[in-house]
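# Sequence first, predicted model second:
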Amino acid sequence: MQTIDYRARSLVFVMAAVFLVGLAGSAFAAPNTLNRDSIPAKYKWDLSHIYPNWEAWQAGYDRLDSLMQDFAALQGTLANGPEAALHAFKLSDELDILSYKVYRYPQLMHDLDQRDSEIREKFQQVQILFARFGQATSWFTPELLAIPWETMQQWLTSNEEFAPYRHNIENTYRQQEHVLDEDKEELLALFNQFTGTPADIHEALTTADMEYPRVSFNGEDTVTLTPGEYYSTLTYDRSQENRKKAHEAFYGAYYKDKNTYSTIYNAILQRDWAQAQARKYESTLQSDLHGDNVPEEVYETLVNTVKAGTEPVKRYYEARRKALGLDEYHLYDGSVSVVDSDKKYEFDDITDWIVESVAPLGKDYQKKIKDVFKGGWIDVYESEGKATGAYQARVYGAHPYLLLNYKETMNDMFTVAHEVGHTMHTLLSYENQPFATANYTIFVAEVASTLNEALFLDYMFKQSSDPRERIALLEQAIDNIIGTFYTQTQWADFEWQAHQMAERGEPITQNSLRELYKGIENDYYGDAVVLDSLYEYTWTRIGHFYFAPYYVYKYATCYASSAKLVKEITSGDEKSRREALDRYLTLLKSGGNDYPMEQLKMAGVDLSDSNTIQAVVDQLDELVTLYEQELAKL
């Protein structure tokens, strides 16, 4: 949940790993091993960029502990005058900058091998320190708001040193009605460490304690169906029977613990509703969106517009069913291309392509991406105990780190382009903003990543003369819209309705969640897809439901934003393209210096207008028509 405490906002952000190398020499094929020691160092993180060793980290930890005590000692001083308040804000900056490094070092180590209990203990050590500090500083926001706004306005206008903090201060006063008095804030702070426990349990259950199934296809050797192997099977295996077998085995690993997952998710829902009520919000949705000053109508418009615009998706699935020669179309048929190709994309090859693809964003942008690929910033390949998926982790005072599980698929190379987009957003924000406003909100976080993907797709499509690869790239474009825009909205619809169940006091069980998810699947797919029963338990494995509620809708709104921006940057006359690019780069450089809806409006995107959302539906309709035409040629 979004908290409104200035101190808590920054520490929670430091603790969240929300986001998420073109190297010299010959191309290196993905290793056929999960043994991390067998992977060359240039494809692995160099965490010495944060700390050279655990001793240096411990020194940073001790320094952080000392600074936290210094900050806690400031209680009762904020009203002494502008100099006293400024001292508190500057000390807060010093704390947060150090917090990034102290938190990230064990967190990233943990994500490289989540089985290592010693690293997990160090990671928890930091979490405990942060939770204790949150309790000791819960006085900060109530004491700040005890200063009359008229007085604070005078301080802000008469002292230029307040400039970096002005937006955060104004935002805190905006939310004043939801700040409790000091003793109640202290009471809520006592639960800070506990509130993250359900997500920790889900992570442990789905990673460290997950026993991935072993399956054999066509009588061949048995393979361990890790997430990477699972998606590789769905992408490359031409046998529908094998894809079905993989789906049933992989989802079966989650199904067997369905009651445990529903209990964890119920804890999430009850926590969110309790926090919303404690801060006098009418709903969990209102509570979450209020932190970013996003109107609830934006969420509702997104869900309703997308749900009403699913016909292009159904047409696409029907075209694929016919092209694949299937009697029935299942969701596990959605990744395999209709063209028979086992083409692999080696990591070393794609990095130059990504650099070339972002040429419309300027030479300076290209140069910075080259720096990302130099080595030590990206952990490329899957290994035993490593966290699944992909993300970018911001580390103020060092550089962003990218986690991948690269399997050389077409989808994987687009994931690289996506995560590098996050990295560029971070670099530009950090270069152009003071620390207090250096971090952009999640609401705009996916704009740069999805825009990078769009440019990369355009580049690859223009470079390819192979009609089969062009078909595959068209599928990639359509699947990007379905996965980033439709599926994320579908999930946003699910968690919105699930939270409303909790708000109404209805029982939350594996059966009620299954029925809810099943009904939403029917709304989106109708009879275009055979909805296998195990997909009704998709909610068990979507980490965002547990780690960051009301997050996934932002993928969809960001996709709508980036679609509009990339069109303006790449079409029209030179003057209009330059103006659009300047607005976009200004967005990336603006960090968190304004409310995200206002930042997007200045870049040329109005998400309160349903036409912005409908434009993506229309874009998909055009792409599906082109896809049908290309299939007819084959």
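Cool, the structure landed.

# Pull out the buried residues from the longest helix along the chain.
When the chain is parsed with DSSP state H, its longest helix is helix 82-112. Buried residues in helix 82-112, counted by 16 or more other C-beta atoms under 10 Å: 82, 85, 87-89, 92-93, 95-96, 98-112. The C-beta positions use only the backbone N, C-alpha and C, and glycine is treated the same way.

# And for stretch 430-438?
For stretch 430-438, by 16+ other C-beta under 10 Å, it's 430, 432-433, 435-438.

# Quick check: the two most widely separated of these?
Longest distance between any two of the buried residues of stretch 430-438 is 13.0 Å, between 432 and 436; criterion C-beta to C-beta.

# Quick check: neighbours shared by those two?
Listed as contacting both residue 432 and residue 436 by C-beta atoms under 8 Å, 6 or more residues apart in numbering is no residue at all.

# Quick check: strands, which of the buried residues of stretch 430-438 are part of them?
Among the buried residues of stretch 430-438, none falls in strands (DSSP state E).

# where's residue 295 relative to residue 596, distance?
12 Å (C-beta to C-beta, to the nearest Å).

# out of those two, which sits in the busier spot?
For residue 295 and residue 596, the more surrounded residue by other C-beta atoms under 10 Å is residue 596, and the numbers stand at 25 against 14.

# Give the closest residue to that one in space, chain neighbours not counted.
residue 443 (3.9 Å; C-beta to C-beta, 6 or more residues apart in numbering).

# Determine the next helix or strand in the C-terminal direction from the worst-scoring helix or strand of the chain on mean pLDDT.
Ranked by mean pLDDT, DSSP states H and E, the helix or strand of the chain with the weakest confidence is helix 6-15, at a mean of 34. Counting by DSSP states H and E, the next helix or strand C-terminal to helix 6-15 is helix 54-72.

# Next, the buried residues of that following helix.
57, 60-61, 64, 67-68, 71-72.

# same question, stretch 265-275
265-269, 271-275.

# And for stretch 216-231?
In stretch 216-231, counting by 16+ other C-beta under 10 Å, buried: 217, 223, 225-231.

# Compute the first-to-last residue distance for that stretch.
End-to-end distance of stretch 216-231: 15 Å, with C-alpha to C-alpha, to the nearest Å as the criterion.

# Same question for stretch 456-472.
14 Å.

# picking up where we left off before, TSV please, covering the buried residues of stretch 430-438 and showing pLDDT.
As requested, the buried residues of stretch 430-438 are arranged in TSV below (pLDDT from 0 to 100):
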residue	pLDDT
430	96
432	96
433	96
435	95
436	95
437	96
438	96
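
# Could you verify that the residue nearest to residue 596 is part of a strand?
No. Using DSSP: H, G, I helix; E, B strand; the rest coil, the secondary structure at residue 443 is helix, not a strand.

# these two touch, right, it and residue 295?
No. Using C-beta atoms under 8 Å, residue 443 is not in contact with residue 295, being 12.0 Å away.

# Which neighbours do the two have in common?
residue 597.

# Hmm, residue 230 and residue 407 touching each other?
No. In terms of C-beta under 8 Å, residue 407 does not count as a neighbour of residue 230; the distance is 10.2 Å.

# Let me know the closest of the buried residues of stretch 265-275 to residue 339.
residue 265 (39.0 Å).

# Wait, the closest one touches residue 499, no?
No. Look at residue 265 against residue 499 with C-beta under 8 Å: they stay out of range, at 10.5 Å.
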